[in-house]
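Asker: Please work out how this folds:
(one chain, ligands or ions: 1)
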Amino acid sequence: MSDRPADPRTAALRDEAAEAIRAATTLEAVEALRLAWLGKSGRLQDVLRGIGALPPAERGPAGKAANEAKGAIEALLAERLEALRTAREASLADTEWVDATQAAATTRVARGLVHPLAAMRRELEDLCLAMGFEVLDGPWVEDERHNFEALNIPRDHPARDNQDTTWLEGGLLLRTHTSPVQIRAMETRKPPIRAVAIGRVFRHEALDASHENTFHQIEGILVDEDVHVGHLVFTLRTLLSEVFRKDVEVRLRPSFFPFTEPSFEMDVRCLVCGGAGCPVCKRTGWVELLGCGLIHPNVLKAGGIDPARWSGFAFGLGVDRLCMMRHAIDDIRHFAAGDVRFLAQFAGGLHG
Ligand code: FA5
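Answerer: Numbers count the residues shown, from 1 in each chain. From the prediction side, this is the model:
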């Protein structure tokens, strides 16, 4: 079969179509040519319609030539479409490329920092978990029973004056210490109990370099058989040596809390001034870190635990002061001041 139609009119038509198709430079232009040549009102239809008017002997060859021209034009259109598609895909690499390294080089994303107190809290929680304590939480808004009465601080007891309380409506208050969690732990668990709770506490008091009106405590409680002061001291010593990871001088002094008997306070040699005297230690060289003692039998009873069988220890440590000692921070008020220059110093992590 010859690739040229026999009929000279369809041959001319085919050549004309081939030239137009070659000149088309877009996919849309090729589609328009398909319609113009092969569509219902296209050029080839005109030819086909004219065949009926030919003498019968010419109709067969003319029809054959027209069909061949149709096939040839279809092939040319398909070829051109393919060529244009390939060219377009090849050009995508030039027009739509992305520099995968560019975004990182030109867009600076500010990274958030972990607040030093939040980091301290996480670290204390991890340490306590590793020491076998479970980590509990307690409400900031407390009732009198949990904050005072169950802790052996009845109404009118002078100890209530030591904790400048923010009272709310309905006899509620902002907890002045984390010790109410001791009661909540005893109410919801059976001995043996080992639990800690870290969180915010609120006291309406005068501010200075080591006193805030919103600060943080970690409460620890252990209830078991035959618990004595040795267990308490060992636990505190282990906790502090893990936090400081260097030798720090501490001292344990007898003290008074209605909810412990005996009661103690633990001070650390001031790590801001090295003991020489500064506003943080009020020029004494020592900073009070925590209160502690053996749980008073009345408190065990209030928590539903039989003091004839069980005993325990408890401690309440100032997390802000611990963090200050750790980083030699010279004023507790830096923590809530929101100065990014202060916070940025801790970007490298707590042991940075
Ligand atoms: C108490 O709050 C007792 N609940 C602690 C306790 C718990 C004793 C369990 C016995 C058994 P105190 O008021 O001393 O005690 O506070 C404990 C610690 O919180 C202090 O040693 C100190 O480190 C910290 N602290 C107290 N007041 C402030 C304050 N205004 N700003 C920052 N830290 C404070």
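Asker: So which residues of the stretch 151-300 of the chain form strands?
Answerer: Under the criterion DSSP state E, counting those that start in this stretch, strands of the stretch 151-300 of the chain are mapped to 166-167, 172-174, 193-202, 214-224, 250-257, 260-269, 286-295.
Asker: Can the last one be said to contact the ligand?
Answerer: In this case it means strand 286-295. Yes. Strand 286-295 lies within reach of the ligand by CB under 6 Å from any ligand atom, at 288, 289, 290, 291, 292, 293. Any C-beta I mention is one placed from the backbone N, CA and C, and that applies to glycine too.
Asker: re the thing from before, and the strands of the stretch 151-300 of the chain as a markdown table, adding mean pLDDT?
Answerer: Listed next are those as a markdown table, based on pLDDT from 0 to 100:
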| stretch | mean pLDDT |
| --- | --- |
| strand 166-167 | 92 |
| strand 172-174 | 95 |
| strand 193-202 | 98 |
| strand 214-224 | 98 |
| strand 250-257 | 96 |
| strand 260-269 | 97 |
| strand 286-295 | 98 |
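Asker: I'd like these laid out as TSV, including mean neighbour count.
Answerer: Formatted as TSV, the strands of the stretch 151-300 of the chain follow (neighbours: other CB atoms under 10 Å):
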stretch	mean neighbour count
strand 166-167	13
strand 172-174	18
strand 193-202	21
strand 214-224	22
strand 250-257	15
strand 260-269	19
strand 286-295	22
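Asker: Minimum distance to residue 233: which of these has it?
Answerer: strand 250-257 (7.0 Å; CB to CB).
Asker: Check which helices and strands that closest one is in contact with.
Answerer: Contacts defined by 3 or more CB pairs under 8 Å, 6 or more residues apart in numbering; DSSP states H and E place strand 250-257 against helix 229-244, strand 260-269, strand 286-295.
Asker: Next up, phi/psi of the residue in the stretch 201-350 of the chain positioned nearest to the ligand, please.
Answerer: Residue nearest to the ligand within the stretch 201-350 of the chain: residue 318 (2.2 Å; CB to the nearest ligand atom). Residue 318 has phi and psi values of phi -80, psi 110 when expressed as degrees, to the nearest 10.
Asker: Who is it paired with across the strands?
Answerer: Counting by DSSP bridges, residue 318 forms beta bridges with residue 217.
Asker: what about it, how many residues close to it?
Answerer: Residues near residue 318, counting by other CB atoms under 10 Å, number 23.
Asker: Give me the distance between it and residue 217.
Answerer: As judged by CB to CB, to the nearest Å, residue 318 and residue 217 stand 6 Å apart.
Asker: if I read this right, the residue of the stretch 201-350 of the chain closest to the ligand contacts residue 219, doesn't it?
Answerer: No. Judged on CB atoms under 8 Å, residue 318 makes no contact with residue 219 at a distance of 11.2 Å.
Asker: Tell me how many other residues surround whatever residue of the stretch 51-200 of the chain ends up closest to the ligand.
Answerer: Closest contact between the stretch 51-200 of the chain and the ligand, by CB to the nearest ligand atom, is at residue 177 (3.4 Å). Look at residue 177: counted by other CB under 10 Å, it has 20 neighbours.
Asker: Wait, it touches residue 217, no?
Answerer: Yes. With contact defined as CB under 8 Å, residue 177 and residue 217 form a contacting pair (6.0 Å).
Asker: Which residues are in contact with each of these two?
Answerer: Jointly contacting residue 177 and residue 217 under the rule CB atoms under 8 Å, 6 or more residues apart in numbering are 201, 316.
Asker: First-to-last residue distance for stretch 91-100?
Answerer: Length of stretch 91-100, first residue to last, CA to CA, to the nearest Å: 19 Å.
Asker: wait, stretch 18-28
Answerer: 17 Å.
Asker: chain center to that stretch, what's the gap?
Answerer: 58 Å (CA atoms, centre = their mean, to the nearest Å).
Asker: any weak-confidence spans in the stretch 51-200 of the chain?
Answerer: Counting by pLDDT under 70, the ranges of the stretch 51-200 of the chain that qualify are 103-107, 162.
Asker: So which bits of it are right by the ligand?
Answerer: Counting by CB under 6 Å from any ligand atom, the stretch 51-200 of the chain sits next to the ligand at 177, 179.
Asker: any chance you could map the helices in the stretch 51-200 of the chain?
Answerer: With DSSP state H, counting those that start in this stretch as the criterion, the stretch 51-200 of the chain has helices at 56-95, 102-106, 116-130, 144-147, 159-162, 180-188.
Asker: Now tabulate those helices in CSV and tack on mean neighbour count and distance to residue 323.
Answerer: What follows is the helices of the stretch 51-200 of the chain, written out as CSV (neighbours: other CB atoms under 10 Å; distance: least, CB to CB, whole Å):
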stretch, mean neighbour count, distance to residue 323
helix 56-95, 14, 56
helix 102-106, 9, 34
helix 116-130, 17, 4
helix 144-147, 19, 24
helix 159-162, 14, 23
helix 180-188, 22, 20
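Asker: can you tell me which of those helices comes nearest to residue 253?
Answerer: helix 159-162 (16.4 Å).
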